[in-house]
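Colleague: Build the 3D model from these lines:
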Amino acid sequence: MEKPYESTHWNYYLALEEDLRDVSRYVELSEANYGTYSIEFAHIILAAASETDVLLKQICELIDSNRKVSAINGYRSVIAENHKQFFEHGAVIERYGLSFKPWENWPEEEGPEWWVGYNKVKHHRSTHFEKANLHNALQAVAALFITNLEFMLQQRESYGKKMDVYFPSSMRDVVQALGTQGRLFKLDDPFAYFYE
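Modeller: Next comes the predicted model:
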């Protein structure tokens with residue numbers, strides 16, 4: 001299989017996933033520790049959610065370049081109108097038996113629960129530092145993982161065929177092209193990992 005389009009966004013995600021893996025040496029990735037909060041989790045949440053914001057904006061521009069949106073609610077409306085399956089994607093960390101659907105139950109008034117936590121850590125850290133917890137860090141990185149995969153698909157749909165660059169044509173192609181070696185998160189879709 002050809003190598004997929006190289007993306008600085010994907011490389012940034014991999015760096016954040018590595019940060020999570022490093023933290024797991026000190027705080028076990030388990031539901032029992034979801035409330036554990038720290039400066040390192042704040043760093044991971046702020047970086048992952050900020051990068052997710054950048055990618056969501058780019059996805060919306062690829063979907064509809066005439067419609068300018070710049071906030072989480074605007075992104076939601078563009079994606080909901082044009083690509084509802086985005087909300088259904090889940091991510092798993094098989095090694096720890098954890099699964100996440102970071103975009104499920106995304107209310108129209110505000111972002112998902114982990115996004116609300118991100119904003120509280122970003123804007124009101126002194127009063128909401130407990131939101132810089134393991135659960136929000138895992139959800140934020142899972143959201144970034146799924147958003148990266150979706151971004152690659154949207155690139156294909158928007159202009160991949162016009163360029164002399166390989167773009168995967170299905171979520172399965174994206175997953176297979178990126179590979180799973182050494183990765184923490186996997187798409188919660190076993191079919192995506194069957195190789196032909």
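Colleague: Going by C-alpha atoms from here, please, whenever you check contacts or count neighbours.
Modeller: Fine.
Colleague: residues contacting the most centrally placed residue in the chain?
Modeller: With distances taken as Cα atoms, centre = their mean, Leu144 lies nearest the centre of the chain, 1.7 Å away. By Cα atoms under 8 Å, 6 or more residues apart in numbering, the contact set of Leu144 is Tyr13, Ala48, Ala49, Glu51, Thr52.
Colleague: Name the helix or strand for it, please.
Modeller: Under the criterion of DSSP states H and E, Leu144 resides in helix 134-159.
Colleague: what distance separates that helix from the centre of its chain?
Modeller: Remark: helix 134-159 is offset 3 Å from the chain centroid, using Cα atoms, centre = their mean, to the nearest Å.
Colleague: in the chain, which spans are strands?
Modeller: Shown for the chain, the strands assigned by DSSP state E span residues 91-93, 98-100, 186-187.
Colleague: Pick the most buried one from the ones you listed.
Modeller: Most buried of these, by mean neighbour count (mean count of other Cα atoms under 10 Å): strand 186-187, with a mean of 22.
Colleague: mean confidence for that strand?
Modeller: Strand 186-187 carries an average pLDDT of 84.
Colleague: ok, it: who's next to it in the sheet?
Modeller: In the sheet, strand 186-187 lines up against strand 91-93 (antiparallel) (DSSP bridges).
Colleague: Quick check: the gap between Lys122 and Ser50.
Modeller: According to Cα to Cα, to the nearest Å, Lys122 and Ser50 sit 10 Å apart.
Colleague: let me redo that: Lys186
Modeller: 21 Å.
Colleague: all helices of this structure, in order?
Modeller: All helices of the chain, identified by DSSP state H, fall at 8-23, 39-63, 72-82, 113-123, 125-128, 134-159, 171-178.
Colleague: From the contact counts, what lies against the third one?
Modeller: Under the contact definition 3 or more Cα pairs under 8 Å, 6 or more residues apart in numbering; DSSP states H and E, helix 72-82 sits against helix 39-63.
Colleague: Give the buried residues for the helix it packs on.
Modeller: 40-53, 55-63 (16 or more other Cα atoms under 10 Å).
Colleague: and if you look at stretch 64-80?
Modeller: Buried residues in stretch 64-80 (16+ other Cα under 10 Å): Val69, Ile72, Asn73, Gly74, Tyr75, Arg76, Val78, Ile79.
Colleague: do the same with stretch 102-115
Modeller: Those would be Pro102, Trp103, Trp106, Gly111, Pro112, Glu113, Trp114, Trp115, for stretch 102-115 by 16+ other Cα under 10 Å.
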